[in-house]
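In: What follows is a predicted protein model with its sequence.
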Amino acid sequence: MTPLSASPVVDDGAAHTVREIAQQPALWREVDRIVAASRQSLDAFLRPLTDRGDLRVVLTGAGTSAFAGQVLQTALTRRLGRRVEAVATTDLVADPRGCLAEDVPTLLVSFARSGDSPESVAATDLADQVLSEVHHLVITCNAEGSLARGHADRPGSYVLLMPAAANDQGFAMTSSFTCMTLAALLALGGEAYEGVTERLACAAERILDDANVERTVGDLLARAPERIVYLGSGALKGLAGESALKVLELTGGTLVAGAESSLGFRHGPKAVLNGRTVVVVYVSNDPYTRQYDRDIAAELRGNLPAGSVVTVAATGGGPLDGGLADGWALPGLDDVEDVAMALPAVVYAQLVALRAALAGGIRPDQPFPSGEVNRVVQGVILHTLHN
């Protein structure tokens, strides 16, 4: 197969998705420049908040944007030394008094590709209604979206715009997810992540340029799986969720996908396994956590047909070792945190979903031509919350 970075624009309903996966390394570098250029104003907005010991940070979004918060939650908790929680807008809008039960100073970080999904604006409005003090950091890819426009000149709000090209035109979020996740990591994580962007971009470029990656993805899908499971721990559990969602979206639900933590999988979800299930295990860079990821990979390799279990793990640049030797590598990233490693790691999941769609005759730019599922969610009726 031709590496994705060299793929021509094709008229098979995949042109947007192919381009948006391939453009990620270049866009990450642009995000790094945007955050660096905004550093002074970002710090003026954020530091008075993060210096407060009673601050609660809520990371919110819907679908893929919710998984951005899940990937970031544990790393930002450590870096900020504050309560950081990922709460989907779909949960917040349905149960605002439950999700925002503690009336404490809150920084609501909203992730939105378009900012036009009904829950995006409703979540910020409900937070204002329920809480005595709330501040808004809006990270979005669409300067003309309702969320960006509503918070652009609003006291207590800061809008951080992603590169225009990150406003993915394909059905599923790819570069929008990774750009917004990186932007939040750089904006809130500060100097701890200086210099990491170039390393992540280089690793992703190696994946996208490697014809062997396309071959191994093709080999996995040649097994004609009817189910695919993604597993990961900590930040990589959120990545597993996003990876499974990509498969469901791009294949129009024809390939069933699920996600769990490496330890949680044994507690019931393992029942999904059969002879036509493939499993992808994201292996943590944390030495303690990595043991559990390796354990589940070894166990499943003993239970499933050969070649059904793939690990994704970082290396120092050389080959993968030991029980990971037949997995997919994240080159040069063996010393970065999982939250950062997640960005190039998701490229593998995007390639799997794209190739699975094409193999099944699905047009990944619009896998639901009848419109039952939409790029920007429709059909949501927003109800008034009475005090």
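Out: It's in. Bear in mind the structure is a predicted one, so any value in this text is a computation, not a measurement.

In: Spell out the residue ranges of the helices in the stretch 101-250 of the chain.
Out: Secondary structure of the stretch 101-250 of the chain (DSSP state H, counting those that start in this stretch): helices located at 118-130, 146-151, 175-189, 196-209, 211-221, 235-250.

In: okay, the ones you listed in a markdown table with distance to Glu30, mean neighbour count and mean pLDDT next?
Out: In this view, the C-beta of every residue, glycine as well, is placed from N, C-alpha and C. Putting the helices of the stretch 101-250 of the chain into a markdown table (distance: least, Cβ to Cβ, whole Å; neighbours: other Cβ atoms under 10 Å; pLDDT from 0 to 100) gives the following:
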| stretch | distance to Glu30 | mean neighbour count | mean pLDDT |
| --- | --- | --- | --- |
| helix 118-130 | 23 | 21 | 94 |
| helix 146-151 | 18 | 20 | 96 |
| helix 175-189 | 8 | 27 | 98 |
| helix 196-209 | 10 | 20 | 97 |
| helix 211-221 | 24 | 16 | 91 |
| helix 235-250 | 21 | 26 | 97 |
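
In: closest to Gln366 out of those?
Out: Across the helices of the stretch 101-250 of the chain, Gln366 has its closest neighbour in helix 235-250 (10.3 Å, Cβ to Cβ).

In: which secondary structure elements does that closest one contact?
Out: In terms of contacts (3 or more Cβ pairs under 8 Å, 6 or more residues apart in numbering; DSSP states H and E), helix 235-250 is packed against helix 64-80, strand 227-231, strand 256-260, strand 277-282, helix 338-359.

In: any idea of the angle that helix forms with strand 227-231?
Out: 160 degrees (axes from the mean of the first three to the mean of the last three Cα atoms, to 10 degrees).

In: Next, work out how far apart the nearest residue to Ser41 once chain neighbours are set aside and His151 are.
Out: Excluding the flanking residues, the one nearest Ser41 by Cβ to Cβ, 6 or more residues apart in numbering is Tyr158, at 7.5 Å. Separation of Tyr158 from His151 (Cβ to Cβ, to the nearest Å): 8 Å.

In: Could you do Ala203 as well?
Out: Counting by Cβ to Cβ, the gap from Ala203 to His151 is 33 Å.

In: ok, now which ones touch the residue nearest to Ser41?
Out: Residues near Tyr158 by Cβ atoms under 8 Å, 6 or more residues apart in numbering: Ser41, Leu42, Phe45, Leu46, His136, Leu137, Val138, His151.

In: hmm, 10 Å instead?
Out: 38, 41-42, 44-46, 107, 109, 135-139, 151-152, 187 (Cβ atoms under 10 Å, 6 or more residues apart in numbering).

In: And Leu239, by the same measure?
Out: 67, 70-71, 181, 230, 232, 259, 282, 312, 338-339, 341-343, 345-346, 349.

In: what's the spacing between Ala297 and Gly327?
Out: With distances taken as Cβ to Cβ, Ala297 is found 8 Å from Gly327.

In: okay, and the common contacts of those two?
Out: Val280, Val281, Tyr282, Val283, Val309, Val310, Thr311, Ala313.
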